[in-house]
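1. Can you look at this prediction? I've put the sequence above it.
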Amino acid sequence: GAVVSQHPSWVICKSGTSVKIECRSLDFQATTMFWYRQFPKQSLMLMATSNEGSKATYEQGVEKDKFLINHASLTLSTLTVTSAHPEDSSFYICTSGGQGDGYTFGSGTRLTVV
Amino acid sequence: AQTVTQSQPEMSVQEAETVTLSCTYDTSENNYYLFWYKQPPSRQMILVIRQEAYKQQNATENRFSVNFQKAAKSFSLKISDSQLGDTAMYFCAFISLNTDKLIFGTGTRLQVFP
């Protein structure tokens, strides 16, 4: 079946630095990638939708200058958390797929900003 | 705007018993898909079952079945013969064919006891 590979699985960074999270579709072309954020014991909140070759669409309240999304190819989408602060610590998950087939999720990235 | 509500934050069931998780949603759309996802402690999102809104027949996948009531906008998940490995967070999710955004409920934490 469809596989989305997400890296890194966990990362610790210092406050003020930037962190890049990658999601790769291994056996299909992901024209669209969705990025979610999940706080502990809470639901998944959609942050943005990235489309190959065009600008990402951000959900209301999501700072697009802080969460930079790039979807340069049909198999790779990246999320860069810029100038990270402790409040950015969270679990980030990407997903792609078709509506009727359900969506394939990456394994997630646990970000801790110290 | 579409919303998904899961009114049971936590549920528990004894092994081999049956448990039902509730989900209601709100939408003005007529064509959409509904899903149940499982998130075990590893936090990998796993598709449990999906339902097309235009199908009246309830979806079934082995021990998992749904009770889809379109008029009532209800989509409950029944787990039969519960197993210890079913212990996880369960999320109900909705996607409209028009918006192409997967929206999650708040989740139900299910604990299966031996």
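-> Yep, it's here. Numbers count the residues shown, from 1 in each chain, chains lettered A, B, ... in the order given.

2. what sits against residue 38?
-> In the absence of a named chain, this looks at chain A. A:44-45, A:90-93, A:108, B:43 (C-beta atoms under 8 Å, 6 or more residues apart in numbering or on different chains). All C-beta atoms are positioned from the backbone trio N, CA, C, and that covers glycine.

3. Please refer instead to chain B.
-> With contacts defined as C-beta under 8 Å, 6+ apart, the neighbours of residue B:38 are B:45-48, B:86, B:88-91.

4. and it, how far is that from residue B:86?
-> From residue B:38 over to residue B:86 the distance is 8 Å, taken as C-beta to C-beta, to the nearest Å.

5. Please name the nearest non-neighbouring residue to the residue most central in space within chain B.
-> Taking C-alpha atoms, centre = their mean, the centroid of chain B lies closest to residue B:36, which sits 3.3 Å from it. Nearest residue to residue B:36 in three dimensions, chain neighbours excluded: residue B:48, at 4.3 Å (C-beta to C-beta, 6 or more residues apart in numbering or on different chains).

6. Surely the one you found is in contact with residue B:34?
-> No. Checked against C-beta atoms under 8 Å, the pair residue B:48 and residue B:34 is beyond contact range at 11.3 Å.

7. interface residues of chain A facing chain B?
-> A:32, A:34, A:38, A:41-46, A:49, A:91, A:93, A:95, A:99-103, A:105, A:107-108 (C-beta under 8 Å from any C-beta of the partner chain).

8. Most proximal residue of chain B with respect to chain A?
-> With distances taken as C-beta to the nearest C-beta, chain B approaches chain A most closely at residue B:45, which sits 3.8 Å away.

9. residue contacts, that residue?
-> By C-beta under 8 Å, 6+ apart, the contact set of residue B:45 is A:44, A:93, A:95, A:105, B:37-39, B:91.

10. Keep only those of those residues that are in strands.
-> A:44, A:93, A:95, A:105, B:37-39, B:91 (DSSP state E).

11. Of these, keep whichever come out buried.
-> Members of the ones in strands among the contacts of residue B:45 that pass the buried threshold by neighbour count (16 or more other C-beta atoms under 10 Å in any protein chain shown) are listed as A:44, A:93, A:95, A:105, B:37-39, B:91.

12. so where do the strands sit in chain B?
-> Listed in chain order, the strands of chain B (DSSP E) span residues B:3-5, B:10-14, B:19-21, B:24-26, B:32-39, B:46-52, B:60-61, B:64-69, B:74-79, B:88-96, B:102-104, B:108-113.

13. Can you give the distance of the third one from its chain's centre?
-> Right, strand B:19-21. Distance, stretch centre to chain centre, for strand B:19-21: 9 Å (C-alpha atoms, centre = their mean, to the nearest Å).

14. Rounded mean pLDDT for it, please.
-> Across strand B:19-21, pLDDT averages out at 98.

15. That strand - contacts with which helices or strands?
-> Contacts defined by 3 or more C-beta pairs under 8 Å, 6 or more residues apart in numbering or on different chains; DSSP states H and E place strand B:19-21 against strand B:10-14, strand B:74-79, strand B:108-113.
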